[in-house]
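Participant: Got a predicted model here, sequence first, then my questions.
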Amino acid sequence: MLRLLSRRLIAAGVLLVVITALTSLLTTLVPDPTHNLLGMTATPEQVAAKRVELGLDRPVSVRYLDWLGGAVQGDLGVSWFTGLPVVETITARLPITVSLAVIATLVSAVTGIAFGMAAAIRRGWLDRALQVAAALGFAVPGMWVALLLVIVFAVQLRWLPATGYVAFAESPADWARSLLLPVVAIAAGSVAAVAAQTRNAVAAVLNQDYVRTLRSRGLPRRRLLLRHVLRNAAPTALTVVSLQFIGLLGGAIIVEQIFAINGLGSLAAAASSRSDIPVVLGVVVVGVLIVLTVNLVVDLLVSWLDPKVRTP
Amino acid sequence: MSLLRRPAALVAAVVLLLVVVAAVAGAWLAPYGPDQVDLRAALAGPGPGHPLGGDGSGRDVLSRLLHGTRATVSGALLAAGVALVMGVVAGTLAGYFARWADAVASWLFNLLMALPAFIVVLAFVAVMGPDLVGTMAFVGFLASPSIYRLVRAATMRVRGEFYIDAARVSGLSDLRVVRRHVLPVVRSAIIVQAPLLFGAALLLQAGIDFLGLGEPGAASWGAMLNDAAANVFRAPWLSIWPGLAIAATVLAVTVLGNAVRDALEDTPIQAAGRAPSTRGPAASPAPAPADGALLAVSGLTVTHRTAGGEVTVVDGVDLQVRPGEVVGLVGESGSGKTQTVLAALGLLPPSGRVAAGSVRFAGAELTEMTERELNRVRGPRIGYVSQEPMSNLDPSFRVGSQLVEPLRAHLGLSRRAARRRALELLARVGIAEPERIYRAYPHEISGGTAQRVLIAGAISCDPELLVADEPTTALDVTVQAEVLDLLRSLQSERDMAVLLVTHDLGVVADMCDRVTVMRDGRLVESAPTRTLFAQPAQPYTKDLLAANPHNAARRERSAAVGPPLLEIDRLRVDYPQRGLGRPPVRVLKEVSLTVGEGETLGLVGESGSGKTTLGRAVLGLAPIVGGSIRYGGQPLPGRRARARQIQAVFQDPFSSLNPAMSIHDILVEPLLAHGMADRAEADRRIALLLDRVELPAGTGARRARELSGGQRQRVAIARALALGPRLIICDEPVSALDVSTQAQVLALLTEIQRDTGVSYLFISHDLAVVRNVSDRVAVMSGGVLVETGDAEQVTTEPRDPYTRRLLLSALVPDPDPDRQAARRAARLGLAAKEQA
């Protein structure tokens, strides 16, 4: 366990340094970012002054080490565009996106695993329907689902708000109403994906020799399925769910845009379009940290479930 | 094209054709330019001049849809291409060369996997600016781990196949092995994954364009959705067409990919001996002692659903087991013996069903019971033990909990009482430390212990009948004898009826009161054991008895054994362990032996003895760390030169031939690799080789997967002979074959030696087989040679106690109870002496 943990932490550190260093290095290869900030009409003096202000006159290695030194202490610099500290900007928006992604993951995990198990056990029409749903869920873009949901439930039926996010503290009911459509839009595709892969994992376990032996012992079917089959299919299902979570983070960025939710995604999209490098770097760091944490937790869970890892 | 016969695939193909046409000719087909503005058409619904309406800026929706196709599709193709090239190259190298190449590549790709792809792409766009080619190439880079992992896994799987070893032994270079044997397998894995990759890339690109981060102003489906989102309140219909275009394209690619995969997987595989057709005169029906039978199977017919329709695997079988009686059910592979007992217990896989007949247990009809009713019979009244001990224990639960569960369910015992009972059972089946095994997980115990645990589970609720399906086949010879002794003592102690399924007449002779013989799903004959052995009524039973290696004729000694051809001196082999700092495992500890010209040296040992490693070291397939191997008085030559001197026949006939290749291609490969023949000459030689191994001339055109196990092993022998070697390493060449086939293949090997004077190093776990074919015999245990000597002497009067134990553990098809009892007593005496 400790070995796994320390190896993962080292890999995480390497990954963060490599990707932020590369991003910083690339900024020296591209046209001057000050044009984005000052516009095309800026005089050379204005540009030079801005470059000094942003520290772009210094060599990239110095800039990067400076940034890294700050980052280690929890300071990710200030936005080139708003001048606000990146950490503050991100922490203000992080809870919105994380709650969106976590709720969507929970929804797709619970429904996906339930449908997947049912399809593997019952087969027949349910199994075929799941295969069709999985193909559809993969092919239909989340943003289109989001648009269609808005058109039907917000524009036509006027049941739910089309845009905006209400904090939980303000009104739990409105919070739920504001999240309902975005969560459905994000989770729609991944429910089918989780279900399809759970179905395959459960079907593979049902084929195992030990399931036949357990049946030969006259074990009640319910107990066999809920205890032995589910337990052995769980590692696969967990891994699938963690992969879906990473995908859902990407989905959240787009869906936030449609529902005008001021989360990490809309921040990233805006910062990316105006080359606000400090904010982009900050979002990448936070994104990588989230993904690494989720992967680590899932890995620990999976290895905790696997007796071969647990008993050295 | 057969796959276009599926309606879904046909529709998908049509959709894709439309997409391709739009991508190629969209610019000419579109009625307007992509940016041509007609202000009257802004947000206008479908109408004349604008069949799909106009967008927020008054541009024609149909035209933008057509113009946008090329950018959208080519971007996705680029990303998929980059991912494929990176993933395939790195995955093949890592999978084939393993070791550090794998460690480095896997670490890097795992890091890449851990990135939140979409956020990183946004960062890339922020730095590099909106540029379709650069962004999509980067997307391909980020997506490459999925291909890498797939290709690596496929390569590693192939790498473990014996046909890769055979190709290397034939002297093929690594590059040639990868090209001929690895890449075809990788290709079929990719055909499944590539469409998904393309779809994911297309969706991601649409997402980037949707966020307005694509090339500014360029027409694309994602950008159109963006426009639709901006106008969702005023013109909701705008989102329909771009969304539909994306979804339909991705769906079509996926559906077509699945269809191709199904078409690849459905290649008909001829199940050996599975389709019972016309047969000779029906076997004499057994006299039916219907009265008093505990288990009475009558007219049982079992069918399986396959791609080729319903196949009958058990055809009208009758079988009785009386209380306290031990009945053997004997047959070769494909005879339907396992299907018979699974059907009786209601444990058939979902594809199988009981088509006719009845199974009565203590008067109750089992085939008509519900699962719930069956669960009151299975476990408490019928116990079941299967072949593979390790795969029959649930790996996630401790041994104890798997024993306790049925005890509590059926006998209603308390947790404590069940635990006490389980520990008693473990002690009863001969486990020395019941407490420790009770707490152990299945992966922590040996195969022999696992089989004892499974037997303990089967008898835990005091069943009246124990059904044991090949309970000792997967075990080593010495463990096999111990487990059979255990079954016998349990049977007599509880006066339990036993139905013992086996392919081994030695097991029958040792255990059974009566025998039923099956073949091709039908009953051949049924008789008391002594009668069957003394006067088999059916010719098939006679053949079966004659083919048993204990009864088979021994081959004549090689007339003239020449000077030593192979000299192994104090050979040491270590296998490295995974993980840094772990010491390697020493598999061979200073082994020395010689094989003379024209001689057969039999090498006997149990699993883990190092016998296979010795053969692999001679073939250059195992890492030698000390000692020397000399061939013909010289140090062992390199791979190419060695190939023409030393060849191999491997154990598993299903893994030793590439299933996708024709027999002709398999045999021609070594000849061409060594430049020994042009095409015409090669064809002539292959005809001779096929004739030599007694296969019909037409075999060359068939694929390996269409052949039976015995035919495949003949092909493997022909391949070994192709280069005219002087030594052939035969590693368990017949242990996967049925006894009758075994005898034929062994006779062929002997005949070839007589004609060509080739030497054999014949590796086997079966002392009887080795005795029949060898001049001298060497016995290995725990990585050392314990005894070497004349075949007759070692197999009749062994000097070493381990050899003696091997000999006494062998199951002899001798139905005489006194002689069997004497062997058991000698075996037990030896074990007692060893313990003292």
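Facilitator: Nice, I can see it. Numbers count the residues shown, from 1 in each chain, chains lettered A, B, ... in the order given.
Participant: Look up the closest residue to A:L130, ignoring the ones flanking it.
Facilitator: A:A119 (4.4 Å; C-beta to C-beta, 6 or more residues apart in numbering or on different chains). Yep, even glycine has a C-beta here, placed from its N, CA and C like the rest.
Participant: In contact with that neighbour: list those residues for me.
Facilitator: A:L126, A:D127, A:A129, A:L130, A:A195, A:R199 (C-beta atoms under 8 Å, 6 or more residues apart in numbering or on different chains).
Participant: buried sites along the helix or strand harbouring B:R360?
Facilitator: Using DSSP states H and E, B:R360 falls within strand B:352-361. Buried residues in strand B:352-361, counted by 16 or more other C-beta atoms under 10 Å in any protein chain shown: B:G352, B:V354, B:G357, B:V359, B:R360, B:F361.
Participant: In JSON lines: those, plus distance to chain A and pLDDT.
Facilitator: Formatted as JSON lines, the buried residues of strand B:352-361 follow (distance: C-beta to the nearest C-beta, whole Å; pLDDT from 0 to 100):
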{"residue": "B:G352", "distance to chain A": "12", "pLDDT": "89"}
{"residue": "B:V354", "distance to chain A": "16", "pLDDT": "93"}
{"residue": "B:G357", "distance to chain A": "20", "pLDDT": "93"}
{"residue": "B:V359", "distance to chain A": "15", "pLDDT": "95"}
{"residue": "B:R360", "distance to chain A": "18", "pLDDT": "94"}
{"residue": "B:F361", "distance to chain A": "13", "pLDDT": "94"}
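Participant: Any chance of those in TSV with distance to B:T600 as columns?
Facilitator: Formatted as TSV, these follow (distance: C-beta to C-beta, whole Å):
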residue	distance to B:T600
B:G352	43
B:V354	48
B:G357	48
B:V359	48
B:R360	52
B:F361	50
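Participant: and of those, the nearest to B:L17?
Facilitator: Using C-beta to C-beta, B:G352 is the member of these that lies nearest B:L17, at 41.9 Å.
Participant: Surely that closest one is in contact with B:Q339?
Facilitator: Yes: in this structure B:G352 lies within contact range of B:Q339 using C-beta atoms under 8 Å: 7.0 Å.
Participant: list residues touching both of the two?
Facilitator: Residues touching both B:G352 and B:Q339 (C-beta under 8 Å, 6+ apart) are B:V302, B:V313.
Participant: Could you give the number of residues near the residue in the stretch 701-836 of chain B that chain A sits nearest to?
Facilitator: As assessed by C-beta to the nearest C-beta, chain A sits closest to B:A736 within the stretch 701-836 of chain B, at 19.0 Å. Other residues within reach of B:A736 by the criterion other C-beta atoms under 10 Å in any protein chain shown amount to 20.
Participant: Using the three-state scheme, assign B:G675.
Facilitator: Taken by DSSP: H, G, I helix; E, B strand; the rest coil, the conformation at B:G675 corresponds to coil.
Participant: hang on, B:A23 in a strand?
Facilitator: No: under three-state DSSP, B:A23 sits outside any strand and is assigned helix.
Participant: The stretch 201-350 of chain B: strands as residue ranges?
Facilitator: B:295-306, B:309-321, B:326-330 (DSSP state E, counting those that start in this stretch).
Participant: Can you add distance to chain A and mean neighbour count and give these back as TSV?
Facilitator: Shown next, in TSV, are these (distance: least, C-beta to the nearest C-beta, whole Å; neighbours: other C-beta atoms under 10 Å in any protein chain shown):
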stretch	distance to chain A	mean neighbour count
strand B:295-306	12	20
strand B:309-321	16	21
strand B:326-330	17	25
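Participant: closest one to B:T155 among these?
Facilitator: strand B:295-306 (30.0 Å).
Participant: which strands and helices sit next to the closest one?
Facilitator: Packing contacts for strand B:295-306, counted by 3 or more C-beta pairs under 8 Å, 6 or more residues apart in numbering or on different chains; DSSP states H and E, involve strand B:309-321, helix B:337-344, strand B:352-361.
Participant: can you pull the pLDDT of the residue nearest to B:Y631 when sequence neighbours are not counted?
Facilitator: Excluding its sequence neighbours, the residue lying closest to B:Y631 (C-beta to C-beta, 6+ apart) is B:L566, at 5.8 Å. In this prediction, B:L566 carries a pLDDT score of 95.
Participant: correct me, but B:L566 touches B:Q634?
Facilitator: No: if you go by C-beta under 8 Å, B:L566 and B:Q634 don't touch, sitting 11.2 Å apart.
Participant: Looking at those two, which has the bigger crowd around it?
Facilitator: Neighbours per residue, other C-beta under 10 Å: of B:L566 and B:Q634, the larger number sits with B:L566, 24 against 7.
Participant: how near is that one to chain A?
Facilitator: According to C-beta to the nearest C-beta, to the nearest Å, B:L566 stands 40 Å off from chain A.
Participant: For that residue, give me phi and psi.
Facilitator: phi -120, psi 130 (degrees, to the nearest 10).
Participant: need the contact list for it.
Facilitator: B:L566 touches B:T594, B:V595, B:V618, B:I629, B:R630, B:Y631, B:I646, B:L727, B:S759, B:L761, counting by C-beta under 8 Å, 6+ apart.
Participant: Would you list the buried entries among the residues you listed?
Facilitator: B:T594, B:V595, B:V618, B:I629, B:Y631, B:I646, B:L727, B:S759, B:L761.
Participant: Of those, which belong to strands?
Facilitator: Counting by DSSP state E, the part of the buried ones among the contacts of B:L566 found in strands is B:T594, B:V595, B:I629, B:Y631, B:I646, B:L727, B:S759, B:L761.
Participant: Adding pLDDT and distance to B:P583 as columns, could you present these in CSV?
Facilitator: Putting these into CSV (pLDDT from 0 to 100; distance: C-beta to C-beta, whole Å) gives the following:
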residue, pLDDT, distance to B:P583
B:T594, 94, 31
B:V595, 95, 32
B:I629, 95, 24
B:Y631, 94, 31
B:I646, 96, 31
B:L727, 96, 33
B:S759, 95, 36
B:L761, 96, 29
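Participant: of those, closest to B:G379?
Facilitator: B:L761 (48.2 Å).
Participant: Am I right that that closest one is in contact with B:C730?
Facilitator: Yes: counting by C-beta under 8 Å, B:L761 does reach B:C730; the two are 6.9 Å apart.
Participant: before we move on, the earlier item: would you say the residue of the stretch 701-836 of chain B closest to chain A is within a helix?
Facilitator: No: assigned with three-state DSSP, B:A736 falls outside any helix and is coil.
Participant: Please name the residues that touch it.
Facilitator: B:Q651, B:D652, B:P653, B:F654, B:G709.
Participant: Looking at these, which one is closest to B:N375?
Facilitator: For those, the nearest to B:N375 is B:F654 (35.8 Å; C-beta to C-beta).
Participant: For that closest one, grab phi and psi.
Facilitator: phi -80, psi -20.
Participant: residues contacting it?
Facilitator: B:G709, B:R712, B:A736.
Participant: Give the buried residues for stretch B:341-353.
Facilitator: So stretch B:341-353, judged by 16+ other C-beta under 10 Å, has buried residues B:V341, B:L342, B:A343, B:A344, B:L345, B:G346, B:L347, B:L348, B:G352.
Participant: list the contacts for the residue lying closest to the fourth one once chain neighbours are set aside?
Facilitator: Translated: B:A344. Nearest non-adjacent residue to B:A344, counting by C-beta to C-beta, 6+ apart: B:V359, 4.6 Å away. With contact taken as C-beta under 8 Å, 6+ apart, B:V359 is in contact with B:L295, B:A296, B:V297, B:L300, B:A343, B:A344, B:E365, B:L366, B:T367.
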